[in-house]
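Undergrad: need coordinates for the below:
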Amino acid sequence: MLRTPIGRLRVIAFIEGISFLLLLGVAMPLKYFAGMPAAVKTAGWIHGILFVLYLLAVAEVTIRRRLSFALALGALVASLVPFGTFVLDARLRREERADRR
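TA: Coordinates of the predicted model:
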């Protein structure tokens, strides 16, 4: 799966999506309801690094596979919406299957 640009993007998107959900669903409530701001700081740093890796992976796929502007823009929007990267994965899986043919 890590051999192709799309495979790498799928893996990074999955991990980035989980980090986003943890940031929103665990770290933010800990900060505001339990008075633990360090949770957001730590989760935010991790998510930020993964987000940058995600953007680089989208750029790599866009350049190497000449991804359409619409799909590249969709990938960027998907990273801003909770569960968006998981929805994007279905489309990326189809793209990956089309490459194998």
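Undergrad: which pLDDT value does the model give R101?
TA: Note for R101: predicted pLDDT of 66.
Undergrad: for this protein, just list every one of the helices.
TA: For the chain, helices defined by DSSP state H occupy the ranges 5-22, 28-34, 37-65, 69-78, 84-100.
Undergrad: kindly reformat those helices as JSON lines containing mean neighbour count.
TA: Every residue, glycine included, has its C-beta placed from N, CA and C. Formatted as JSON lines, those follow (neighbours: other Cβ atoms under 10 Å):
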{"stretch": "helix 5-22", "mean neighbour count": "20"}
{"stretch": "helix 28-34", "mean neighbour count": "13"}
{"stretch": "helix 37-65", "mean neighbour count": "16"}
{"stretch": "helix 69-78", "mean neighbour count": "15"}
{"stretch": "helix 84-100", "mean neighbour count": "15"}
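Undergrad: list the residues that contact the residue nearest to A43 when sequence neighbours are not counted.
TA: Beyond its immediate neighbours in the sequence, the residue positioned closest to A43 (Cβ to Cβ, 6 or more residues apart in numbering) is A27, lying 3.8 Å away. Contacts for A27 were tallied using Cβ atoms under 8 Å, 6 or more residues apart in numbering; they are A39, V40, T42, A43, G44.
Undergrad: list just the nearest of those to G7.
TA: Of all the contacts of A27, the one with the least separation from G7 (Cβ to Cβ) is A43, at 26.0 Å.
Undergrad: ok, back up a step: the helices of the chain: lowest mean pLDDT?
TA: helix 84-100 (a mean of 86).
Undergrad: now that helix: how far from the chain's centre is it?
TA: In terms of Cα atoms, centre = their mean, to the nearest Å, the gap separating the centre of helix 84-100 from the centre of its chain is 13 Å.
Undergrad: go on, stretch 89-101?
TA: Distance of stretch 89-101 from the chain centroid (Cα atoms, centre = their mean) equals 17 Å.
Undergrad: contacting residues around the residue nearest to F83 when sequence neighbours are not counted?
TA: Once flanking residues are discounted, F83 sits nearest to G17: 7.0 Å by Cβ to Cβ, 6+ apart. Under the criterion of Cβ under 8 Å, 6+ apart, the neighbours of G17 are F83, G84, T85, F86.
Undergrad: kind regards, and thank you for your time.
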